[in-house]
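Enquirer: Got a predicted model here, sequence first, then my questions.
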Amino acid sequence: MGAAIDITGQHFGRLIAVHRTGRAKNGNALWFCQCQCGRTCVVDSYVLRHGKTRSCGCLAVEQSRQNIFNNPQAVSHMGDPRNLKIRDHHTDVSSIKKSKRNTSGVVGVSYDKQSGSWVAHFYYKGTYILNKHLRILKMRFGPGTLWNSNI
């Protein structure tokens, strides 16, 4: 094994090597680094010195954002609610399509035959935050409008 190379204070892209923290499983030195964005990370000295790691991850996020805005096809689809995807274990409401079986005309509202009433369901981050039986006066008064006698 060769002598350890001291890279304290050297800049590698957006990272500055602060101090050595130990060794990786492969024997390379690990360095505690400070990024220009303010976050810190521990990086293998080999990947630092050979330019394979240049930031804590903030550079990849910025580059990805820039690549999207430089892609005309991606820009043409921005703002379309059909492009919203599942995020943090919940679905953005504007991305939900109404099922063909939907009889209420409203996403999340269904008819319970046993009780003879309408039920509103809203599921968020793994739990129901709304699961109520409603006495509806009028359904579909307007597009997506619900009138409830409890209000």
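Expert: Looks like it arrived, so ask away. None of these values were measured; they are calculated from a predicted model.
Enquirer: and the helix or strand that contains F32, average pLDDT?
Expert: Using DSSP states H and E, F32 maps to strand 29-35. The pLDDT scores in strand 29-35 average 95.
Enquirer: Repeat that for stretch 61-77.
Expert: Averaged over stretch 61-77, pLDDT sits at 85.
Enquirer: Domain parsing of the chain, as residue ranges.
Expert: Domain segmentation of the chain under automatic domain parsing yields 1-78, 81-148.
Enquirer: Contacts for the strand holding F32 next, please.
Expert: Applying Cβ atoms under 8 Å, 6 or more residues apart in numbering, the contact partners of strand 29-35 are 4-5, 7, 12, 14-24, 40-45, 48, 55-56, 58. Placement of C-beta: from N, CA and C, glycine included.
Enquirer: ok, it: who's next to it in the sheet?
Expert: strand 15-23 (antiparallel), strand 40-44 (antiparallel) (DSSP bridges).
Enquirer: And it, how far out from the chain middle?
Expert: Relative to its parent chain, strand 29-35 has a centroid offset of 27 Å by Cα atoms, centre = their mean, to the nearest Å.
Enquirer: can you pull out the strands in this protein?
Expert: Along the chain, the segments classed as strands by DSSP state E run 11-12, 15-23, 29-35, 40-44, 86-87, 90-91, 109-112, 117-124, 127-134, 136-139, 146-148.
Enquirer: and the longest one, C-alpha only, in CSV?
Expert: In other words, strand 15-23. What follows is strand 15-23, C-alpha atoms only, in CSV (Å, rounded to 0.1, in the frame of the first residue of the first chain):
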residue,chain,number,x,y,z
LEU,A,15,-16.2,19.8,-2.7
ILE,A,16,-13.4,20.8,-0.3
ALA,A,17,-11.6,18.1,1.5
VAL,A,18,-11.8,18.9,5.3
HIS,A,19,-10.2,15.9,7.0
ARG,A,20,-9.6,12.2,6.6
THR,A,21,-12.1,10.0,8.4
GLY,A,22,-10.8,6.5,7.9
ARG,A,23,-10.6,3.8,5.2
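Enquirer: Quick check: mean pLDDT of that strand?
Expert: In this model, strand 15-23 has an average pLDDT of 94.
Enquirer: cool, and the first one?
Expert: Taken as a whole, strand 11-12 carries a mean pLDDT of 94.
Enquirer: any residues touching it, and which ones?
Expert: Strand 11-12 is contacted from outside by 33, 48-49, 51, 53-54, using Cβ under 8 Å, 6+ apart.
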